[in-house]
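[1] Take this sequence and fold it.
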Amino acid sequence: MQIFKFYKIYILLFLALSPICLNKGFSIEKSTATQIQEIDKKINILEEMKRGYEAKALKHANQAQVLQFIDGELQVAKRHWKLTDDNRQIAIRIQKEIDVLKVQKMQLLKKERRA
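    Below is the predicted model of the structure:
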């Protein structure tokens, strides 16, 4: 009876710890298709963000155009020009991230074709 309890505890302990050991000891490689899908999702999210920043830049540019010729509003117009520039810079950085992801996607597609 004592031996049975020992094995029962050992089995329960093994079952409880096996997911932890498997996750730490072995990394299960994602399939290429799954990786490509994840990259596509990231690209779509980043493109939406980029469009949002480009829209904000356009809005601020239009506002600055209107305000620059109104007396006493030059400082506000300058602030809008600055916000325009800031939003455009963010959109450029996002585009660079998109380009990196597209390169990764192309590499995965080439790797898949070779296999």
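
[2] Now for Lys78: which residues touch it?
    The neighbours of Lys78, taking Cβ atoms under 8 Å, 6 or more residues apart in numbering as the test, are Ala64. Using the backbone N, CA and C atoms, a C-beta is placed for each residue, glycine as well.

[3] what about it, which helix or strand?
    helix 74-114 (DSSP states H and E).

[4] most centrally placed residue in this structure?
    Lys42 (4.8 Å; Cα atoms, centre = their mean).

[5] residues contacting it?
    Leu101.

[6] Name the residues of the strand or helix carrying it that are buried.
    According to DSSP H and E, Lys42 maps onto helix 32-67. Of all the residues in helix 32-67, those buried under the rule 16 or more other Cβ atoms under 10 Å are 35-36, 39, 43, 46, 50, 53-54, 56-57, 60-61, 63-64, 67.

[7] tell me which of those residues is nearest to Arg88?
    Ala57 (4.8 Å; Cβ to Cβ).

[8] how close does the closest one get to Arg51?
    Plainly put, Ala57 is 11 Å away from Arg51 if you go by Cβ to Cβ, to the nearest Å.

[9] now swap in Thr32 and tell me
    When Thr32 is compared with Arg51 (using Cβ to Cβ), they lie 29 Å apart.

[10] Gln37 too?
    From Gln37 over to Arg51 (counting by Cβ to Cβ), the distance is 21 Å.
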